[in-house]
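Trainee: Okay, predicted coordinates and the sequence, questions at the end:
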Amino acid sequence: MKFFGLKLWGLLFLSVSVSAIAAEFTGPAEWKPVRTDAIKKWNSEQLKKASPRYAVNDGVVADLDRREVKVLAEAVGHRAGITAEFLLVGPLSDRAYEAFAVTVATPSAIVKAMESLGVERGGGVGSEPFRFWPMGERVTLTVRELERDDSKPLPVTDFIADRDGELAKIATEGLVFTGGGWDGSGHCLTDTNMPSSVCSLYNEQSTVFDLPGQFSQSSVYGRLSIGKKLDHGALLEITFRPLFPADGKKRVARYMLSVAKSPDGKYSVSRKALETTPAVDAAAMPLEKALDWMKGESAAGRDLFVRIAMDGKLTLKEAAAAAKVFLMLDGKGLKLDGKVDGGVYPMAFQPQDKWRDRKDRVPQPFELHLTRGADGKIAKKLTFIEEDWSGESLDPKLTPKDYPFENWSELLPLVRKTGGPENKVHLLFVFAPGDSELNEIMPGVNAVASELQLVYLFAD
């Protein structure tokens, strides 16, 4: 009997130890569902209510009448204070060690549930070139602990602690429905590609929901943490609701704004809506009126995502002055989003003057020099800076080599020849007279755009 008692206590101790170990996630690891019977029960209860207005999938429900999506999740079980990078990750994610909870539904099933409510996918930071803001409609979320008698929906701030307090904005501003990452064949990459994020707590490119603003991973790391300890596998019901402006229309509005000079010498702006087919053109208006229009749209709850097109007749200095205005407004009434075909991102017109000094630049960019001769013609020259790291100095020996050319068709072959097959530099610095028109500069930029995507334009 004594032996049996010791054996029983040993088994109980082992069971408790295994349970405790299972809740400890300190590195990438496969997630295995904990409350499988309870999950089946929840799914079964939802299926009983299934209808064309109540779409049910494994671990997720889209209620069209209540205009909400409910997602079932299991708490990872971290203690309070553990750094959190994700509120929710998908069931195939290996990032439970830095997440609050793991969803039962796949990210793609959650995206499709949101879309069934009429909420369109947006796009995460970096999902397109020069996209630095998460784009998408806003949604609110609440968290409910299913197995508590006094359970009620609570804001995310009850579960995630933010030492700077900015997370509280989510309650009013909502999360951004970026919609995850998808390939050209309609496959959701977020389902299987790590981190398989459903709700990220930094700007993660392929997440389904993102924070409403610019939050790089390095800037928020350590700031957000688990605010409340829940048991490993505790069942949670996450409810997402669309948060549209007061007029019920979409929040996201995408435009191309074309900047030119009017006959009176002032800037004029015309706009083209990018989300309608065919795109709608609006008559040009003075820059001041364009700013008033943007201010009104922002006040009405619109999230303006704009691409700036500079007229080719603008001089480099004029384009730089106009770009400065829009860069000052970036995040304050509009969000600069990508670049137009054949154009550049507005920041290209605002290089730092210190970058002219080659000894402080790493890596060395390709340099395109344009100079105007006495006859008014533009002379073209590519400069490639060879770096020799063979000496004892911590700095390389720089040897500039010039390659004059006549036609723009010669530029790309020169870039490929000088950079060599192992070239990893995709940066172009253009030096041109400040009074030269963009029509004289942009053909060179576009000639090498396939190789040198990052461009800065210096006015000499």
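Mentor: Thanks, I have it.
Trainee: Just give the nearest non-adjacent residue to the residue nearest the centre of the chain, would you?
Mentor: Central residue of the chain (Cα atoms, centre = their mean): residue 125, 1.3 Å from the mean position. Distances taken as Cβ to Cβ, 6 or more residues apart in numbering place residue 203 nearest to residue 125, at 4.1 Å, with adjacent residues excluded. Where you see a C-beta, it was placed from the backbone N, CA and C, and this is true even at glycine.
Trainee: was I right about that neighbour contacting residue 216?
Mentor: Yes. With contact taken as Cβ atoms under 8 Å, residue 203 and residue 216 are classed as touching, separated by 6.3 Å.
Trainee: More neighbours: those two, which one.
Mentor: Between residue 203 and residue 216, counted using other Cβ atoms under 10 Å, the more crowded position is residue 203 (23 against 11).
Trainee: Report the contact partners of the more buried one.
Mentor: Contacts for residue 203 (Cβ atoms under 8 Å, 6 or more residues apart in numbering) come out as 124, 125, 126, 134, 210, 211, 214, 215, 216, 217.
Trainee: and the fourth one, how many neighbours?
Mentor: For residue 134, the count of nearby residues is 28 (other Cβ under 10 Å).
Trainee: Grab the nearest non-local neighbour of it.
Mentor: Using Cβ to Cβ, 6+ apart, the nearest residue to residue 134 is residue 210, at 3.9 Å.
Trainee: The one you found: neighbour count?
Mentor: 29.
Trainee: next one: residue 289
Mentor: 12.
Trainee: just the one 4 residues further on next, same as before
Mentor: The number of residues packed around residue 293, counting by other Cβ under 10 Å, is 16.
Trainee: same thing with residue 235?
Mentor: Neighbour tally, residue 235, other Cβ under 10 Å: 24.
Trainee: Do I have it right that it meets residue 33?
Mentor: No. Judged on Cβ under 8 Å, residue 235 makes no contact with residue 33 at a distance of 10.5 Å.
Trainee: any shared contact partners between those two?
Mentor: Counting by Cβ under 8 Å, 6+ apart, the residues touching both residue 235 and residue 33 are 39, 74.
Trainee: mind listing what's buried in stretch 206-220?
Mentor: 206, 207, 208, 209, 210, 211, 212, 215, 220 (16 or more other Cβ atoms under 10 Å).
Trainee: what's near enough to touch residue 157?
Mentor: Applying Cβ under 8 Å, 6+ apart, the residues contacting residue 157 are 167, 168, 170, 171, 227.
Trainee: And stretch 82-100, end to end?
Mentor: One end of stretch 82-100 sits 9 Å from the other (Cα to Cα, to the nearest Å).
Trainee: remind me which residues of the protein are low pLDDT?
Mentor: Residue ranges of the chain with pLDDT under 70: 1-24, 276-282.
Trainee: Tell me if I am right that residue 114 is in a strand.
Mentor: No. Assigned with DSSP: H, G, I helix; E, B strand; the rest coil, residue 114 falls outside any strand and is helix.
Trainee: how close does residue 117 get to residue 212?
Mentor: 19 Å (Cβ to Cβ, to the nearest Å).
Trainee: is it true that the residue nearest to residue 134 touches residue 173?
Mentor: No. Between residue 210 and residue 173 there is no contact under Cβ under 8 Å: 12.0 Å.
Trainee: those helices in the stretch 151-300 of the chain, which residues are they?
Mentor: Secondary structure of the stretch 151-300 of the chain (DSSP state H, counting those that start in this stretch): helices located at 170-173, 217-220, 287-299.
Trainee: Distance to residue 359 added to these, as CSV?
Mentor: Putting these into CSV (distance: least, Cβ to Cβ, whole Å) gives the following:
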stretch, distance to residue 359
helix 170-173, 45
helix 217-220, 27
helix 287-299, 39
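Trainee: Tell me who's in contact with residue 275.
Mentor: Counting by Cβ under 8 Å, 6+ apart, residue 275 has contacts 250, 252, 253, 254.
Trainee: Take the residues you listed and keep only those in strands.
Mentor: 252, 253, 254 (DSSP state E).
Trainee: Hmm, the second one is touching residue 300, no?
Mentor: No. Residue 253 lies out of contact with residue 300 (Cβ under 8 Å); the separation is 9.7 Å.
Trainee: And the two? Which one has more around it.
Mentor: residue 253 (21 against 13).
Trainee: For the more buried one, list each beta-bridge partner.
Mentor: residue 304 (DSSP bridges).
Trainee: Spit out the contact partners of it.
Mentor: 273, 275, 297, 302, 303, 304, 305.
Trainee: residue boundaries of the strands in the stretch 51-200 of the chain?
Mentor: Ranges of strands in the stretch 51-200 of the chain, per DSSP state E, counting those that start in this stretch, are 54-57, 60-63, 68-75, 86-89, 99-103, 137-145, 160-162, 175-177, 197-200.
Trainee: is it possible to export the ones you listed to CSV including mean neighbour count and distance to residue 393?
Mentor: Shown next, in CSV, are the strands of the stretch 51-200 of the chain (neighbours: other Cβ atoms under 10 Å; distance: least, Cβ to Cβ, whole Å):
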stretch, mean neighbour count, distance to residue 393
strand 54-57, 18, 62
strand 60-63, 24, 60
strand 68-75, 24, 55
strand 86-89, 28, 45
strand 99-103, 28, 47
strand 137-145, 21, 53
strand 160-162, 19, 46
strand 175-177, 27, 48
strand 197-200, 29, 43
